[in-house]
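Q: Turn this into a model:
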Amino acid sequence: MEKYRDQLLSKIADCHTVIDGISNNSAWSIIVRDFERYKKDIDANWHLVNDEKKLAEFRVTKFAVVQLLNTIETYKTDLATAEKELQKLDNPEKEVMKDYDAETKMEK
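A: Reported below is the predicted structural model:
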């Protein structure tokens, strides 16, 4: 349990570092603006492409762009999840922790 707690604390610290570091960063704002333009260009032009290979590249590129654009929200979600798990771990009398090891053994 202590190792899991340390992992949660590390995850929380990492999430805070990323969120605090890029939320109001001017370079990040420029990157987001440029990638939003890339996404818009893909959305505006995909239907003009007949080459399946190029369409596949558009899909992969758009997926990567959307992932990048959602970076802060993804870290906020990860942060909330880690904090919730830490809360459960620190307050076992108020929270019911799921025993994944026992559950896995029962399924076998």
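Q: Now the residue positioned nearest the centre of the chain: closest residue in space that isn't a chain neighbour?
A: For the chain, residue 74 is the residue whose C-alpha lies nearest the centre (Cα atoms, centre = their mean; 3.1 Å). Using Cβ to Cβ, 6 or more residues apart in numbering and skipping residues adjacent in sequence, the residue nearest residue 74 is residue 67, 7.8 Å away. C-beta coordinates here come from the backbone N, C-alpha and C atoms, glycine included.
Q: List the buried residues in the helix or strand where the residue nearest to the centre of the chain lies.
A: Secondary structure from DSSP states H and E places residue 74 in helix 71-90. Buried residues in helix 71-90, counted by 16 or more other Cβ atoms under 10 Å: 75, 78-79, 82, 85-86.
Q: just stretch 47-59 next, same as before
A: Neighbour-count burial for stretch 47-59, with 16+ other Cβ under 10 Å as criterion, is recorded at residue 58.
Q: Mind checking the pLDDT average for that stretch?
A: The predicted model gives stretch 47-59 an average pLDDT of 94.
Q: contacting residues for residue 38?
A: Counting by Cβ atoms under 8 Å, 6 or more residues apart in numbering, residue 38 touches 61, 65.
Q: where does this structure dip in pLDDT?
A: The model of the chain has pLDDT under 70 over residues 95-108.
Q: For the residue of it most remote from its centre, give its distance to residue 56.
A: Relative to the C-alpha centroid of the chain, counting by Cα atoms, centre = their mean, residue 50 is the outermost residue, at 32.7 Å. Using Cβ to Cβ, to the nearest Å, residue 50 is found at 13 Å from residue 56.
Q: same deal with residue 88?
A: According to Cβ to Cβ, residue 88 and residue 56 sit 42 Å apart.
Q: before we move on, back to that, identify the residues contacting the helix holding residue 74?
A: Contacts for helix 71-90 (Cβ under 8 Å, 6+ apart): 1, 4-5, 8-9, 11-12, 15-16, 18-19, 22-23, 67, 95-97.
Q: Please consider this matter closed, and thank you.
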